[in-house]
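1. with the input below, show me the fold.
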Amino acid sequence: MKRRRWIAGAAAILLALSGCEISSITSPTDGAIVDAPSTTVTGKLREMPMGGVLTVNGVVTPVNPDRTWSVDLPLGPAGTVHTIEAIYTPPDGGTPDKSYSTVVAGPSIDVGEMSPDGVGMRFTNTGLNSLGPVINDLAAGSFDISSLILAQHPLVYQENAFLTFDITGNAYEAGMGGVNLVANSTTTGMSTQITINDLYIGLDLLIDDGLLIHNTCKLEVSIPQTTINAKFDLQPAAGDESHVDVNLIGTPSVVTSGVNYEFLGGICDGDTFLIGDIVNAVAGPQISSMIGDGFSSQLGDPDGSGPADSPIADAIETSLAQISIAGSVGSAVNAHLKAPFTQITEGATAVDLRADADFYATIGNNPGDCPAVPRHPTLPQTFDVPGAYPTLGDTTPDGDPYGLGLVISSSTFNQLLGAMTECGLLNKDITEIDLGGTTYPVTSTVLSFLVPQFATLPANTPMKIRITPKVAPFLDGEAGPNGEPAQLRLAGLWVEFVQPTQVGDMPWLRLLVGSSLGFDLGYDANAGVLAPTITPGPASTVTAKVIDNAIGANASNLETIFPSLFPNFVSGLSSSFAAFPLPSFMGLNVDVVDMVRQGNYYVLYANLTQQPQTRISNVQVTDTSMLNGVYDSVFNVHEWRHKLKSTSTSKGVKVALRGMIGADACCTVDDARRDAPVGYRVTFDVIPENGDTWKIDLAQSIKGAHTLIDEQGGSAWTSISTLNIRAKVGNGAWQNFNITPSSTGVNTGSGAYVPFTGSSSAVLTGTTAQTITVEVSFDVTAYSNSNLAFPAVAGDEAAIRFGANDSIANGFTAGEYPGVGNRNIGEDGLFGTIALSTI
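-> Next up, the predicted model:
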C-alpha cells in the first residue's frame with residue numbers, strides 16, 4: 001500500500017514538473033550566440049496571475065498587459081557564457097515560475113553558412129609519390145589507352161614522309177600491358193610522367209603522293225615502353241568545386257623506345273613491286289618518330305585555354321577524382337561536410353588545396369543521417385574563432401618529414417562539434433559513477449553521499465544521471481585552464497538526477513552547468529584514431545545552478561560544492577568524445593606524425609601508407625600457343641599468327657589472345673594446311689587481409705569467324721576445337737568450364753562466312769593465401785584443298801579470324817580485317833577476365 005502511495009506521489013510530482021522545460025523566455029533561444037555588447041531578452045508570462053514581480057538576472061522587469069516583457073542585458077567578451085534566469089513571483093507569494101536560456105557572447109557561423117578557409121590539405125612530393133600505387137590502379141582503369149588512341153583521327157599524319165608521299169594513319173586496335181604514373185609538384189604546375197608498358201597499335205595507313213598512288217596498308221607496332229611527360233594545372237572544378245579539375249599545360253612530350261613494327265599486306269608489303277621496298281626502306285625508320293609526334297599532337301589540349309580537356313588530362317582527372325576533403329573527412333566523422341576548394345596552389349615541393357567548410361547533420365533514416373536521439377538540440381549557430389590560415393613547411397614544426405598536412409580551423413571544428421551534438425554526442429544516461437577511484441552504480445544510496453536528501457528515497461533505488469545539452473561545446477581560441485593547448489567550453493548542460501518509474505522517469509534534481517575544460521587531440525596508434533583528452537578545470541571554472549529541486553536539496557550548498565564534484569561526471573562526458581576516426585585517402589592509411597595547434601587552426605601531419613587489402617599479386621601470363629609462322633611461296637601459302645596481351649592490377653587480370661590461321665593452295669600440285677595448338681596459362685597469388693573471404697570470378701569469351709573465299713573450283717575447310725578451360729586453387733582439383741564455339745568448322749567447295757561465339761565462367765572462393773592457376777587450350781586448322789586432275793583446280797582460301805590480321809601477300813584476303821563480313825578487329829578474340837572481390 002505504501003508503495004502505491006509512493007508511486008502515486010511520484011506521478012504527481014512528475015506531472016507538476018512536466019512543463020518545466022517550456023521556457024517563458026522567447027528570445028534569445030537556448031544556444032544563441034550574440035556578437036554584441038548587449039542583448040535584448042524578451043518573453044511572455046505563462047498562465048499565472050498578473051501583478052507579481054518579474055526579475056531577469058536580478059533586474060526587476062515590468063510585464064505588459066499582454067503578458068509580454070523585455071529587458072536589455074549586458075554581455076561579456078567573446079566566449080563568455082551567460083545564463084539568463086527569469087523568475088516570476090506571483091502576487092500571493094506562491095511558488096515562483098522560473099525560465100532559463102543560455103547565451104554565448106561572440107561571433108558565430110549560422111547553420112548552412114561556410115566557414116572561410118575552414119579546411120585544407122597539403123600534399124608534399126613525398127605524399128604524392130605515396131599515392132603512386134593507388135593512382136596506378138586507378139589509372140589502369142581510367143587511362144584507357146585503347147579508347148584514347150582509337151578516338152584520335154588521325155593518330156599519325158606525316159606530310160612528305162618520304163619523297164612526295166604523305167602518310168595518314170588511323171588506329172584500328174590498341175592496348176597496353178600496364179601504366180605507371182608519377183606526379184610531382186613544381187612552381188609551374190604538376191609535373192607528371194606516365195609510363196606505358198607493352199603498348200601495341202594496329203594502324204590503317206594511307207599512302208598518297210597526290211598524283212598516282214593512293215593506296216592503303218596495315219601497320220602493327222609494338223613498343224616495350226612509352227614515356228609521356230606532361231605538366232598540368234590543378235584548379236577547383238567549375239560547378240563541382242569539391243573536386244579537382246586538371247588542365248594540360250602546353251604539349252606533352254613522348255619518348256618511345258625499342259619500337260617494333262610490321263607492315264601487313266597492301267602497298268607497304270615488301271613483296272609489292274618497287275613501292276613496297278621503298279616504303280619499308282624509307283618509311284620504316286621513321287615509325288618511332290611518327291608515333292611519338294602523333295601522340296604529342298593528338299593527346300594535347302584541343303582548345304588551349306578553352307573548356308575542353310585533353311584526353312590525357314581527362315584520364316588524370318579521373319584518377320585524381322577521389323582527392324576530396326568532403327568525402328574523406330566527412331565520412332570519417334559520420335557528418336556531412338561541404339568543402340568546395342577555393343584555391344589550389346602548386347609549389348616547388350608540395351601542392352596546397354584550401355577549401356571553405358560546412359559541417360552539418362541530418363536526422364533521419366537515410367544513408368548519412370543520424371538517428372533521432374531523444375532530447376537532442378537543434379542548433380541555429382556555432383561559435384566562430386577568427387584566425388589566419390597557417391603556412392605549412394616541408395617538415396613538421398619539430399622537423400620531421402611528412403606526406404600530408406590536414407588542416408582544420410577551430411571554427412570548422414566547432415561546426416563539427418555542433419553537428420555531432422545534434423546527433424546526440426552529449427546526450428547520455430550515466431548509470432555508473434567514479435568516486436575516489438572506485439566505480440559505483442548510480443543509486444539513491446550512492447547519491448546520498450553527495451546530496452544527503454537522496455536518502456529519503458528507498459535504499460539502493462536505481463537512479464541515473466541524465467546529461468542533456470542545450471548548447472554545443474565549442475573551442476573558444478584560448479588555452480586550456482590547466483595550460484592545455486585549447487579550451488573547450490561546455491555551456492547550457494542540464495544535469496538531471498532521474499529515477500526510472502512505472503509512470504516515466506522522475507527528475508528529482510536538475511542543475512544547469514557550465515565549465516571550461518582542457519582540450520588536446522592525441523593519436524591512438526593502436527586504434528588508428530584521434531583521441532581527444534578532456535581535462536577538468538579548477539572548481540572556479542565550473543558554474544552550477546539548481547533549476548528544479550523536487551528532492552528538497554539545499555540549493556545554495558549544492559551550487560557551492562557541485563563544481564568540486566563535477567570532475568566525477570567529466571569522465572562520463574569524455575567517453576562521448578571517444579575518438580574521431582581518421583579519414584582514408586584513396587584507400588591509403590593516414591599514419592600520424594604529429595598533431596599541433598597553429599594559431600586558431602589544428603594541423604595533422606601524417607604520412608600515407610598502403611592499407612592492407614585483399615589483393616592479387618605475382619601474376620604470370622604464359623603463352624602456350626604454337627609460335628607464329630608463315631609459309632609464303634609462289635604456289636602455296638599458309639600462316640598461323642597470334643598475339644597475347646595482358647594487364648593486371650591488385651584486383652584483377654585481363655587477358656586478350658587474338659589470332660588468325662589461314663591457308664591457300666595456289667595450284668593443283670599440292671594442298672595447303674596449317675594446324676596450331678592455341679592457349680595460355682595464368683598463375684597468380686591471392687592474398688587475403690583482415691579475415692576476408694575472397695572470391696575470384698573467372699570468365700572467358702571468344703568471338704571470330706570462319707571465312708572461305710571461292711577461287712578456282714577447289715574446296716577448303718576450317719576447324720576450331722572445344723576450348724578446354726580449367727582452374728584450380730593451390731594443389732586442389734581442376735575445375736573445368738569449357739567453351740564449345742557456336743560453329744566449330746566449315747567445309748565446302750564454295751565461299752562461306754560463318755561467325756562464331758562462346759563464353760563460360762566459374763567462381764573460386766577461399767579464406768587463405770593461395771596460388772591460382774587458370775589454363776586455356778584448343779586447336780585451330782585451316783585447309784585449302786586443290787585437285788590434281790579431272791578437273792585440275794587450285795584450292796579455295798581458308799581462314800579463321802579471331803582478332804588478328806594475316807601478313808600474307810600474294811592476294812590472300814581471307815585472313816584480313818575488316819574483310820568478309822566487315823568485322824571489327826577490336827571486338828574479335830579470346831578474352832579472359834579474372835576479378836577479385838570479397839564476400
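
2. what about Asn260, neighbour count?
-> Using other CB atoms under 10 Å, Asn260 has 12 neighbouring residues. Placement of C-beta: from N, CA and C, glycine included.

3. correction: Asn618
-> With other CB under 10 Å as criterion, Asn618 counts 11.

4. can you check the one 3 residues further on too?
-> Residues near Val621, counting by other CB under 10 Å, number 21.

5. dump the residue contacts of it.
-> 644, 646, 648, 653, 655, 680-682 (CB atoms under 8 Å, 6 or more residues apart in numbering).

6. parallel or antiparallel, which strands does the strand or helix carrying it pair with?
-> Taking DSSP states H and E as the definition, one finds Val621 inside strand 615-623. Strand 615-623 pairs in its sheet with strand 672-687 (antiparallel), by DSSP bridges.

7. how distant is the partner strand from the center of its chain?
-> In terms of CA atoms, centre = their mean, to the nearest Å, the centre of strand 672-687 is set 37 Å apart from its chain centre.

8. can you show me the strands along the stretch 251-400 of the chain?
-> Counting by DSSP state E, counting those that start in this stretch, the stretch 251-400 of the chain has these strands, from start to end: 260-264, 336-338, 341-346, 350-360, 381-383.

9. quick check: phi and psi at Ala455.
-> phi -70, psi -20 (degrees, to the nearest 10).

10. if I look at it, what pLDDT would I see?
-> Looking at Ala455, its pLDDT stands at 96.

11. as TSV, the strands of the stretch 251-400 of the chain with distance to Ser38 and mean pLDDT would be great.
-> Listed next are the strands of the stretch 251-400 of the chain as TSV, based on distance: least, CB to CB, whole Å; pLDDT from 0 to 100:
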stretch	distance to Ser38	mean pLDDT
strand 260-264	84	80
strand 336-338	34	86
strand 341-346	35	93
strand 350-360	29	93
strand 381-383	18	95
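
12. from Phe449, how far off is Leu435?
-> 7 Å (CB to CB, to the nearest Å).

13. ugh, typo on my part, it should be His642
-> Applying CB to CB, the value for His642 to Phe449 is 88 Å.

14. next one: Pro236
-> Distance check for Pro236 against Phe449: by CB to CB, it reads 60 Å.

15. neighbour count for these two, which is higher?
-> It is Pro236, of Pro236 and Phe449, that has more neighbours when counted by other CB under 10 Å, with 19 against 11.

16. buried stuff in the helix or strand hosting that one?
-> Secondary-structure assignment from DSSP H and E places Pro236 in strand 214-237. Residues of strand 214-237 classed as buried: 215, 217-221, 223, 225-226, 228, 230-232, 234, 236-237 (neighbour count, 16 or more other CB atoms under 10 Å).

17. helices of the stretch 151-300 of the chain, start to end?
-> 275-278, 287-298 (DSSP state H, counting those that start in this stretch).

18. least confident of the ones you listed, on average?
-> helix 275-278 (a mean of 53).

19. per-residue confidence for the closest residue to Gln158 other than its chain neighbours?
-> With CB to CB, 6 or more residues apart in numbering as the criterion, Gln158 has its nearest non-adjacent residue at 4.5 Å, and that residue is Ile167. You'll see Ile167 listed with a pLDDT of 79.

20. tell me what Ile167 is bridged to.
-> Judged by DSSP bridges, the bridge partners of Ile167 are Gln158, Ile207.

21. next: Leu54.
-> Beta-bridge partners, per DSSP bridges, of Leu54: Tyr88.

22. check it and give its pLDDT.
-> pLDDT recorded at Leu54 is 96.

23. list the residues that contact it.
-> Neighbouring residues of Leu54 by CB under 8 Å, 6+ apart: 45, 60-63, 69, 86-89.

24. so how far is Asn64 from it?
-> Leu54 sits 11 Å away from Asn64, going by CB to CB.

25. hang on, isn't Val59 packed against Leu73?
-> Yes. Using CB atoms under 8 Å, Val59 is in contact with Leu73, at 7.3 Å.

26. neighbour-wise, which of the two wins?
-> Taking other CB under 10 Å, Val59 and Leu73 do not tie; Leu73 has more neighbours (16 against 12).

27. what's the more buried one sitting at in phi/psi?
-> When quoted as degrees, to the nearest 10, the phi and psi of Leu73 stand at phi -120, psi 140.

28. hang on, it packs against Thr55?
-> No. Using CB under 8 Å, Leu73 is not in contact with Thr55; the gap is 11.7 Å.

29. and the helices in the stretch 451-600 of the chain?
-> With DSSP H, counting those that start in this stretch as the criterion, the stretch 451-600 of the chain has helices at 555-565, 567-574.

30. pick out the shakiest of those, pLDDT-wise.
-> Among these, helix 567-574 scores lowest, at a mean of 63.

31. let's verify Gly127: helix, strand, or coil?
-> helix (DSSP: H, G, I helix; E, B strand; the rest coil).

32. name the nearest residue to it, ignoring sequence neighbours.
-> That would be Gly403: by CB to CB, 6+ apart, it lies 2.9 Å from Gly127.

33. that neighbour contacts Thr349, correct?
-> No. Taking contacts as CB under 8 Å, Gly403 lies outside contact range of Thr349: 11.6 Å.

34. who has more neighbours, these two?
-> Gly403 (25 against 14).

35. now that one: phi and psi?
-> phi -110, psi -30.

36. show me what contacts it?
-> Contacts of Gly403 were listed using CB under 8 Å, 6+ apart, and they are 123-124, 126-128, 130, 606-608.

37. let's go with 10 Å and repeat that
-> 122-131, 350, 585, 588, 590-591, 593, 605-609 (CB atoms under 10 Å, 6 or more residues apart in numbering).

38. now do Leu447
-> Leu447 makes contact with 433, 440, 453-455, 457, 461, 463, 465, 497, 499, 508-509, 551, according to CB under 10 Å, 6+ apart.

39. most neighbours, which of those?
-> Result: Trp508 is most packed of the contacts of Leu447 (other CB under 10 Å), 26 neighbours.

40. nearest residue to it in space, ignoring adjacent ones along the chain?
-> Ile551 (4.1 Å).

41. the one you found contacts Val498, correct?
-> No. Between Ile551 and Val498 there is no contact under CB atoms under 10 Å: 11.1 Å.

42. overlap in contacts of the two?
-> The contact sets of Ile551 and Val498 overlap at 506-510 (CB under 10 Å, 6+ apart).

43. mind checking which of the residues you listed are in strands?
-> Counting by DSSP state E, those place 506-510 in strands.

44. any idea which of those residues is closest to Val34?
-> Set against Val34, the nearest of those by CB to CB is Arg510 (25.0 Å).

45. sorry, back to before: would you turn the strands of the stretch 251-400 of the chain into CSV with distance to Lys695?
-> Shown next, in CSV, are these (distance: least, CB to CB, whole Å):
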stretch, distance to Lys695
strand 260-264, 39
strand 336-338, 33
strand 341-346, 38
strand 350-360, 37
strand 381-383, 45
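
46. mind checking which of those is nearest Asp632?
-> Using CB to CB, those put strand 260-264 closest to Asp632, at 12.1 Å.
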